[in-house]
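S.K.: Let's see this in three dimensions:
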Amino acid sequence: MRFIKNHVGSLIAWILIVVISIFMLPNVNQLTREHSTISLPANVQSEVASTIGNHWGHHQNNTYQVVAVFNNQDGAMSKSDQKSVNQTIRYLKRHKSELGIKSMLTPYENSATKKNLISKDKTTELVQLNVSKKKSVSNINKQLTKAVKTDGIRTYITGADILQDDFSGAIQEGIKKTEVISVIFIFIVLILVFRSPIVPLISLLTVGVSFITAFSIVTNLVKNFNFPFSNFTQVFMVIVLFGIGTDYNILLYDRFKANLGNGMDKFEAAKNAQWNAGKTILMSGSSILIGFSALGLARFSVYKSAAGVAVGVAVLLIVLLTLNMFFMTTMGKTMFWPVKTFNGESESPFWRFLSKHSLAHPIIALVLVLAALSPFYFTYQNKLNYDDTAEIADSTPSKQGFLIVQKHFSKGTAEPATLYIKSNHTLDNEKDLKLIDQLTEQIKHTKGVKTVASVTQPSGSKIKKLYVNSQMKTVNNGVSTARNGLGKLSAGSQQMTNGLNSAATGTNQLNSGINSAATGANQLTSGLAQLSSGGNQMTNGLNQLSAGSQQLVNGMNQMSQQLSSQLTGANASQLQQLESGLPQINNGIQQLNSALQSAGTSIDTTGIQSNLQNVASQAQIIGSQLEQAGNTLKSIQGSAGSSSSASLDSVMTQFKAAESQANLNDQQKAVMEGAMQQILSGIQSQIASQTNSQTSALASQLQSVAQNLQTAGNADKSLAGSLQNVAGSASSLQNLNTQVATLKAQVSQLAQASNVALPGAVSALQQLTSGLNQIQSALGQGTNALGQLNTGINKLAAASPQLSNGINSAYSGSQQLSAGMGQLSAGSLQLNTGINKLAQSSPQITNGLNQLNSGLGEGQSYLTGLQKSAAAETFYIPKSVLHSKTFKPAIDNYMSSNRKITKITIVFDTNPSDEKATKDAENISNMARKSLKGTALSNATVAMGGQSSRINDIKNTASGDFVRTAAIMLIGIGIALMLITHSLLQPVYILGSLLLAYISSLSINHWLVGIFMHRSMLAWNTPFFSFIMLIALGVDYSIFLMTRYREIDENKYLPGERIYYACAIIGTVVISAAIILSGTFAALIPSGIPTLIEVAMTVIVGLIILVIILPIVMTSTIYLSYPIRNHVKDNQNKRKD
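M.R.: Just a heads-up that it's a prediction; the model follows:
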């Protein structure tokens, strides 16, 4: 019985529940990181864009977009720095699979990446990575941070997912600080309130049990059933449960203490406290439960995630009303040790003062409240900061990398916007690319846009060759060239006209010539027929010619033999006798001369005469022989010439006979006879030159010697006669000396002539022998030449059948020629007719060319104007370029793998999270849809992705859902208040007070944030979380007040009195609860998270305002609602009595 009475079962049950909750608790850090991303409704365009991007292909599905930042803080990167960065990039490429990198874009891949990924000051380079989602973001961040470390270079890993993960980590760290500070603060406040160390411990224990249990339930619901969860779920569960849990404990413990002071035992006091204070706790808790449960109806994930607080509140109410019973019934007054006195409920002088004066002057009190808070309402600016990166401390590495990118690049470079266009057909065609380029140009000219890149402008600028104005320039150049050519054609056409007139005359002559040629062709055919028949005859003639040439060879051989016989036999003996006799004659003459000179006047005339007669006789014989030899040489020369000439003439005669038999025409005969005559003349010339040159010289010398010898012989004979005369006239001595002298002189002359003539005769005879040998050799060469001639004639005779065949072929061709000439004659007539017509139309051609040139001039003027106009700035891509390797990288980068999706990357010149950028993103998206209406892409899905679009969607979703959720929450709490207060007006007063406190606190906090945090705007989450906290928690105090108001006997006290007493009594509890709750929220300030700090400051200011205005507003409104006056004062007088 004591076991049940002391609620030991509750203790055991909660111990088991806590143990199970701790063991069932999942990995909170991992769970928080996995659900840290804000999820939006599927129909908002950033989510549509995200869905489209997940089906992009090219290894980019289900990936995180990460940026590796390389920065040299000392200035532009040196070559060694770039080398180090390139080594790191190569390392990333080698370990892609280990690091989970699906694709990467480096600065030096092409001109576009170099322009976009290297800062203008050359201090910073970026590498874009697409990393698989198989690993958690935190693990990816750690691995990549380690992998990109580069000596001498600051390196960072950043990106939207990395920043979000770091934000989640920062909140986790902030929660740990908040928990510790909250526990310490609550412990101190409870000690001050109850002046006991035991009560704070019990309160923290019961709240701790409720938090562990509730948080385990929520996290398991998240893990298994995808219950709404965010970065803020845990922190708000801590704040709310410890805040209101402590408040409820204070209310419960204060009533339990009062009951003990009223003489109740611990069991009765605990039961009474559970019933009376528990009723208030349940009413208050139910309103909070309704408020936070209403968040489950929200559409926005962040707002919806606060529904987890409702689970915590439900668990808290159960724990407080069950586990506290064990401690109260077990410990009794010991709970408040060392306090010995247990007084009743204490009054709050502050609330009693406010309530009293509000009752005295209710309208003035309300006016003062409105006057004090209205300025804050009217000065409130609902400008919020949607930049989640502002929630991260600047000391965080990912934030540092993000700031470096913003500093050295455009502020929008780190988080560019992406406009997706999804069609039901492929987009890699000229028509769709033209539309995409037009849209690209429109976006480029939108204010606030820094750069735009698309499939038609992958580097962010136009490809000039793909635009009509550039192509028109080429056309205009071609037109200029064409006009120049037409000018030349026009001049040529005029010349052609003149030429055609001449050609017309010429064609007439041509026609006449063709007719003559046709006649000649017929004659040729007839001649070739005769030539063909004469071919065989020529063959026979050549055979005869061959026989004649053989006779010539034979004749030459005979002549050579005759010459050889002349050089042998008697002729040879005579020549030798001449050679030996001539020296003897010379010796005889010399002896005679010597004898005469030695003799005086006595001369033997008889001996001398005898000798002289002998010498004269021999000299005459030799002279006649030499003369005969000379004549022989002349006969040989003539014989050789006549023999060779006769032989050659015979050959020529036979050739002409064969030629005549061949029936050749005169021209053919002349050619063939000329060739034959040239051959024969060469042979004859060779023989004649060899024979004549030798025989002529020898004959001349022999004749000279013969004459000299005959002269000498005659002289000898004369001398002999003279001697005879001397002998006969011996008696005539008187003339002897004279005659002897004359004889001596004549003999001396003879001796001298002998010395001259006889040696020359010997030399001439030797030359004669040598010359005859040379003549014989020449005859042999002539014989050989005639043999070659004979061989050639034989070959000619052998080739004559081929000539006959050729003549036959020529005859056949001549027949075709004759037929063709007939056709040519007909064609020439047509040509003549056509040329005449062309000559007549040529001036028209010239005029047409001039007109065409003039037309091209006008067209060129138009094209030049068009080239310079805005209409020419139109994209046009030829098919050859579209499907080329050069354009393929642009297609791959800016179109999906199935070519049905394209994207346009937009970099704003401001921070993508700024309100201006978000509006620009929305405007561009709307403009894109309007631009594509009525085109081939009118049915395409257009969605803007990226930070700016996402923030815009968050803003619109959050704003709309805020109003919707706030309305649901207020309606739920209003209904609860109606049930609690049994009034329609009181809930309105309460909610009005809460809203007034909320608006005022938000405006004041905006001012405080500017002063202390140097921020011009509140975080976008601050208004919502501040609202639900102030409304849900502030209504607690109103319920405390109104519950106490209803507990006062309405039959004994009037409404004004009841509210006055209620304010005086409950004021202490509300102020204590507000202090504790404010302290609990103040524990969020050291977290360093701007949103949590701003929410904490707003709630604290709101609680302060609420503590001040709640007794004033409620007292004044209730007093005005019930027209009863001065009863409070009368009753006070009665009480004094």
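S.K.: which residues in the chain form strands?
M.R.: 63-71, 101-105, 124-132, 154-158, 384-385, 417-422, 449-453, 901-908, 941-945, 1018-1019 (DSSP state E).
S.K.: For residue 193, find the nearest of these.
M.R.: Smallest distance to residue 193 across the strands of the chain (C-beta to C-beta): 32.8 Å, for strand 1018-1019. Glycine gets a C-beta too; all of them are placed from N, C-alpha and C.
S.K.: And the average pLDDT for that closest one is what?
M.R.: Looking at strand 1018-1019 alone, the average pLDDT works out to 88.
S.K.: What pairs with it, parallel or antiparallel?
M.R.: Its sheet considered, strand 1018-1019 pairs with strand 384-385 (parallel) by DSSP bridges.
S.K.: List the contacts of the strand it pairs with.
M.R.: 913, 955, 1015-1020, 1022-1023 (C-beta atoms under 8 Å, 6 or more residues apart in numbering).
S.K.: export those residues to TSV and tack on distance to residue 71 and neighbour count?
M.R.: Output for the contacts of strand 384-385, formatted as TSV (distance: C-beta to C-beta, whole Å; neighbours: other C-beta atoms under 10 Å):
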residue	distance to residue 71	neighbour count
913	22	21
955	32	17
1015	26	16
1016	28	11
1017	29	19
1018	32	26
1019	28	23
1020	30	23
1022	33	25
1023	37	25
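S.K.: With distance to residue 461 as added columns, please give the strands of the chain in CSV.
M.R.: Listed next are the strands of the chain as CSV, based on distance: least, C-beta to C-beta, whole Å:
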stretch, distance to residue 461
strand 63-71, 23
strand 101-105, 18
strand 124-132, 19
strand 154-158, 27
strand 384-385, 34
strand 417-422, 18
strand 449-453, 9
strand 901-908, 13
strand 941-945, 22
strand 1018-1019, 38
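S.K.: so which of those strands comes closest to residue 408?
M.R.: Among those, strand 124-132 sits nearest to residue 408 (C-beta to C-beta), with 4.2 Å.
S.K.: who's in contact with residue 133?
M.R.: Counting by C-beta under 8 Å, 6+ apart, residue 133 has contacts 62-64.
S.K.: Next, find the distance separating it from residue 462.
M.R.: 37 Å (C-beta to C-beta, to the nearest Å).
S.K.: Residue 183: which of the contacts of strand 384-385 is nearest?
M.R.: Of those, the one sitting nearest to residue 183 (C-beta to C-beta) turns out to be residue 1022, at 25.0 Å.
S.K.: Just list the residues touching that closest one, thanks.
M.R.: Going by C-beta under 8 Å, 6+ apart, the list of residues near residue 1022 reads 384, 1002, 1005, 1091, 1094-1095, 1098.
S.K.: Pull out the buried members of those.
M.R.: 384, 1002, 1005, 1091, 1094-1095, 1098 (16 or more other C-beta atoms under 10 Å).
S.K.: So the closest residue to residue 333 other than its chain neighbours versus residue 347, what's the distance?
M.R.: Once flanking residues are discounted, residue 333 sits nearest to residue 260: 5.7 Å by C-beta to C-beta, 6 or more residues apart in numbering. For residue 260, the distance to residue 347 (C-beta to C-beta) stands at 19 Å.
S.K.: the more surrounded of these two?
M.R.: residue 260 (22 against 15; other C-beta atoms under 10 Å).
S.K.: I figured that one was touching residue 267, is that so?
M.R.: No. Using C-beta atoms under 8 Å, residue 260 is not in contact with residue 267, being 11.0 Å away.
S.K.: Closest one of the contacts of residue 1022 to residue 400?
M.R.: So of those, ranked by how close each gets to residue 400 (C-beta to C-beta), first place is residue 1091, at 20.6 Å.
S.K.: pLDDT score assigned to the closest one?
M.R.: pLDDT at residue 1091 comes out at 88.
S.K.: Run through the bridge partners of the residue lying closest to it once chain neighbours are set aside.
M.R.: Leaving aside its sequence neighbours, residue 1091 sits nearest to residue 1019 (C-beta to C-beta, 6+ apart; 4.2 Å). In this structure, residue 1019 bridges to residue 385 when assessed by DSSP bridges.
S.K.: check contacts around residue 1019.
M.R.: Per C-beta under 8 Å, 6+ apart, neighbours of residue 1019: 384-385, 390-391, 1090-1091, 1094.
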